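**Student:** I would like to see how this sequence folds:
(one chain, ligands or ions: 1)
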Amino acid sequence: MDFKLGEEYEMLRQSVRDFAEGVLAAGVVDRDEKEYFDRSIYEKMGELGLTGIPFEEKYGGAGMDYLAYAIAVEELGRVDASAADTLSSHVSLGAWPIWRWGTEEQKMKYLVPLVEGKKLGAFGLTEAGAGSDAVAMTCKAVLDGDSYILNGRKIFITNAEAADTYVVFARTGPKEMRSKAFSAFIVEKGTPGFTFGKFEKKMGLRGTQNCDLVFEDCRIPKENLLGQEGEGFKMSMETLDGGRIGIAAQSVGIAQGAFELALAYAKQRVQFGKPISALQAIQFKLADMALEVKASRLLTYDAAWRKSQGLDFGTDAAMAKLKASETANRAANQAVQIHGGYGYTRDYPAERIMRDAKITEIYEGTSEIQRVVIGNAILR
Ligand SMILES: Cc1cc2nc3c(=O)[nH]c(=O)nc-3n(C[C@H](O)[C@H](O)[C@H](O)COP(=O)(O)OP(=O)(O)OC[C@H]3O[C@@H](n4cnc5c(N)ncnc54)[C@H](O)[C@@H]3O)c2cc1C
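**Tutor:** Below is the predicted model:
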């Protein structure tokens, strides 16, 4: 067992850190204030090869693994949680299912431009009445000759209108078939009958877009069925298992960023004639933050390594996501606390980080659902 990351990983970390500090940091406040998704940032991530880290070179990828991908998402999250979310949603949820279940034709047509960062991916599972309980979904696809006719509405979808290629889940069988009643489809932006609904105004991650996907008699060619009919629910759950590694990595990055800001501030803020870092009350907060960040990072890297090795990783990913997202929230909260009143203002980044952190406990399975997953696994 070797906990030292190889040179390849360290080089990747450094190049993503340079990109985050050199390119993302300058506009992160502006994008948050204006609630603005900047496509050019995504394109730069594509040019750097970040959009294709865990995919083979034959599909335009870097041929690295999930550990490398987790490190990249972490480094983005340390500076800009929105950029980490864009990449994570694109790779884990938009591109990966096409890599996993796509035919060779589908991969050449849809996966390659996603991997190369020329197109942006998205994942449409959630509906107004079907969040944690995805089986309650009502979005429907009916086979009609050579196409499926899709009707329904997905909500909260990350990358929203900016995306080009969507993996969308819909009911293709009767209720009695329960989890076997769903299928997955690749839907292209611009398909007649596919439009965008309400755009969300969010607490955090305001450098990303989220909106409803609306399908009204939207005809999808039969060849855009992803995997087998009836396998959609299983596919969505397997995709989310992997996605949780991305959210865990994003959370580790958020927590690391919050810790570094709090540490720097504590060293320079003087009260009672000395830096507040000399106070044991503040040192204990910093010690807890450092400890939790390290524990979360180890869990995240372990889950990413297991996925890369082809080992079971679903429970490990749930543990990593649960621990890291709670760490991100506690660290962000303590960073605000250490900044005192200044931490509550928009003059300092701690308040944005606190707003950004909250979603990590909600999307790709809430913390309660992660506990259900872990509980089921240990009692199985
Ligand atoms: C910013 C953002 C981005 C998102 N991006 C996407 C995306 O790209 N694609 C996509 O498909 N979805 C996306 N989502 C949806 C997200 O994954 C869901 O919001 C999430 O899964 C929770 O579903 P819900 O909001 O319906 O909450 P609900 O399922 O209604 O949960 C409400 C509360 O009940 C609890 N609860 C529910 N069931 C149980 C249970 N069995 N045991 C214990 N507690 C339970 C939950 O933990 C939660 O606290 C996004 C959401 C947001 C806010």
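**Student:** Let me know the average pLDDT across the lengthiest helix in the chain.
**Tutor:** Criterion DSSP state H: the longest helix present in the chain is helix 232-268. Averaged over helix 232-268, pLDDT sits at 98.
**Student:** near the ligand at all, that helix?
**Tutor:** No - figure legend: helix 232-268 not in contact with the ligand (C-beta under 6 Å from any ligand atom); closest approach 8.3 Å. The C-beta positions use only the backbone N, C-alpha and C, and glycine is treated the same way.
**Student:** Got the domain ranges for this structure?
**Tutor:** Annotated domains of the chain cover 7-119, 122-233, 239-379 [automatic domain parsing].
**Student:** centre of the chain versus the first one, how much separation?
**Tutor:** Meaning domain 7-119. 10 Å (C-alpha atoms, centre = their mean, to the nearest Å).
**Student:** Also the shortest one?
**Tutor:** Mean-position distance between domain 122-233 and its chain equals 18 Å (C-alpha atoms, centre = their mean).
**Student:** Mind checking which residue lies nearest the centre of the chain?
**Tutor:** For the chain, the residue nearest the mean C-alpha position is residue 88 (3.7 Å; C-alpha atoms, centre = their mean).
**Student:** got the residue ranges for the strands in the protein?
**Tutor:** Under the criterion DSSP state E, the chain contains strands at 121-124, 140-144, 147-158, 165-171, 182-188, 194-199, 210-221, 225-226, 270-271, 274-275.
**Student:** how about those strands, which one is nearest residue 247?
**Tutor:** Using C-beta to C-beta as the measure, strand 147-158 is the one of the strands of the chain that comes nearest residue 247, at 11.1 Å.
**Student:** so does the closest one get close to the ligand?
**Tutor:** Yes - residues of strand 147-158 are located near the ligand by C-beta under 6 Å from any ligand atom, namely 156, 157, 158.
**Student:** tell me which residues form a beta bridge with the second one?
**Tutor:** Taking DSSP bridges, one finds residue 211 as the beta-bridge partners of residue 157.
**Student:** what about it, neighbour count?
**Tutor:** 25 (other C-beta atoms under 10 Å).
**Student:** now do residue 353
**Tutor:** 26.
**Student:** Around the ligand, pick out the residues from the stretch 1-150 of the chain.
**Tutor:** Looking at the ligand, the residues of the stretch 1-150 of the chain close enough under C-beta under 6 Å from any ligand atom are 89, 123, 124, 125, 126, 131, 132.
**Student:** is it true that the third one touches residue 169?
**Tutor:** Translated: residue 124. Yes - using C-beta atoms under 8 Å, residue 124 is in contact with residue 169, at 6.7 Å.
**Student:** re the thing from before, quick check: chain neighbours aside, which residue is closest to the residue nearest to the centre of the chain?
**Tutor:** Of all residues not flanking residue 88 in the chain, residue 246 sits nearest, at 3.4 Å (C-beta to C-beta, 6 or more residues apart in numbering).
**Student:** so that neighbour sits right up against residue 73, yeah?
**Tutor:** Yes - counting by C-beta under 8 Å, residue 73 is a contact partner of residue 246 at 5.3 Å.
**Student:** any common contacting residues for the two?
**Tutor:** Common neighbours of residue 246 and residue 73, using C-beta atoms under 8 Å, 6 or more residues apart in numbering, are 84, 87, 88.
**Student:** Quick check: which of the strands of the chain is buried the most?
**Tutor:** For the strands of the chain, average neighbour numbers computed from mean count of other C-beta atoms under 10 Å are highest in strand 121-124, which has a mean of 28.
**Student:** what lines up beside that one in the sheet?
**Tutor:** By DSSP bridges, strand 121-124 pairs with strand 165-171 (parallel).
**Student:** close enough to count as contact, residue 288 and residue 333?
**Tutor:** No - in this structure, residue 288 is not within contact of residue 333 by C-beta under 8 Å, at 11.3 Å.
**Student:** Now find how far off-centre the longest helix of the chain is within its chain.
**Tutor:** 8 Å.
**Student:** which stretch among the domains of the chain comes nearest residue 1?
**Tutor:** The nearest among the domains of the chain, by C-beta to C-beta, is domain 239-379 at 10.5 Å.
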